[in-house]
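>>> Fold the following.
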Amino acid sequence: MPEDRRIRKTQRAIIKATVKLLDTVPINKLTINEICSLADVSRSTFYLHYYDATDVIDQVHNEIIASISNVLDKFDYATILVNPEPFLRQIFDFVSGDLELYVSLLQNNFHSDFRRRLKGMLENKILHENSYRYRDRTMFEYSVCFLISGLVETICDNLQDIGNPSKRELLLRSLTTHIKSGFNVK
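Now for the predicted structure:
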């Protein structure tokens with residue numbers, strides 16, 4: 001399917017250009033011409049895929065949240081607490097697959113709403129699928145909130161380390177150790 005590959009390549013170029021420009025230009029000042037110039041696409045090509053710059057970012061956020069949700073679907077919360085390493089490794093693999101994009105996306109203050117949405121999706125999914133297992137629902141909710149907030153912020157604040165194999169393994173071991181030893185909610 002060469003056409004699908006070309007479409008995806010064009011969309012990735014537009015996404016990368018938009019995210020890169022957001023490092024220096026507020027979204028309300030970002031022009032389609034700037035995006036098209038950096039992405040090396042025409043305005044008509046841009047409008048075939050997106051309505052405006054905000055639409056580009058919204059679609060990227062939605063794709064990331066859906067992808068991370070799919071990773072989480074492969075794991076049970078109780079299993080993650082006992083052995084978080086496989087789950088964390090899959091998240092790190094996902095992020096390192098397009099590290100430059102995620103560094104720009106997640107370390108830019110504009111995207112704080114995305115971090116909030118990501119945390120909310122993870123918390124809701126874990127709470128919805130696991131709360132019946134715990135007698136003290138409030139304590140469980142606090143623990144999940146703490147775990148997810150800490151995990152998302154730690155990953156976002158250390159994205160560059162995920163691209164460095166030795167630092168990535170150290171971060172993975174550190175998070176695994178803390179999750180395994182600090183979250184025994186009954």
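>>> Who are the contact partners of residue 164?
Residues counted as contacts of residue 164 (CB atoms under 8 Å, 6 or more residues apart in numbering): none. Just so you know, the C-beta spots here come from the backbone N, C-alpha and C atoms, and that holds for glycine as well.
>>> how close does it get to residue 28?
Summarising the geometry, the distance separating residue 164 from residue 28, computed by CB to CB, to the nearest Å, is 35 Å.
>>> quick one: the helices in the protein?
For the chain, helices defined by DSSP state H occupy the ranges 2-22, 32-39, 43-49, 53-73, 77-82, 85-96, 99-106, 112-130, 137-157, 159-162, 165-182.
>>> Tell me which residue of the chain is positioned farthest from its centroid.
Of all residues in the chain, residue 135 has its C-alpha farthest from the mean position, at 31.1 Å, by CA atoms, centre = their mean.
>>> Report pLDDT for that residue.
Residue 135 carries a pLDDT value of 72.
>>> Please apply the same query to the one 5 residues further on.
In the prediction, the pLDDT value recorded for residue 140 is 80.
>>> Also residue 34?
We have a pLDDT of 96 for residue 34.
>>> now residue 60
In this prediction, residue 60 carries a pLDDT score of 87.
>>> and it, how many residues sit next to it?
One way to gauge burial is a neighbour count; for residue 60, by other CB atoms under 10 Å, it gives 21.
>>> tell me the contacts of the closest residue to it other than its chain neighbours?
Sequence neighbours aside, residue 15 is the residue nearest to residue 60 in space, at 5.5 Å (criterion: CB to CB, 6 or more residues apart in numbering). Contacts of residue 15 were listed using CB under 8 Å, 6+ apart, and they are 56, 60, 101.
>>> Can you tell me which of those lies closest to residue 140?
For those, the closest approach to residue 140 (CB to CB) belongs to residue 60, at 31.7 Å.
>>> With that, I have no additional questions.
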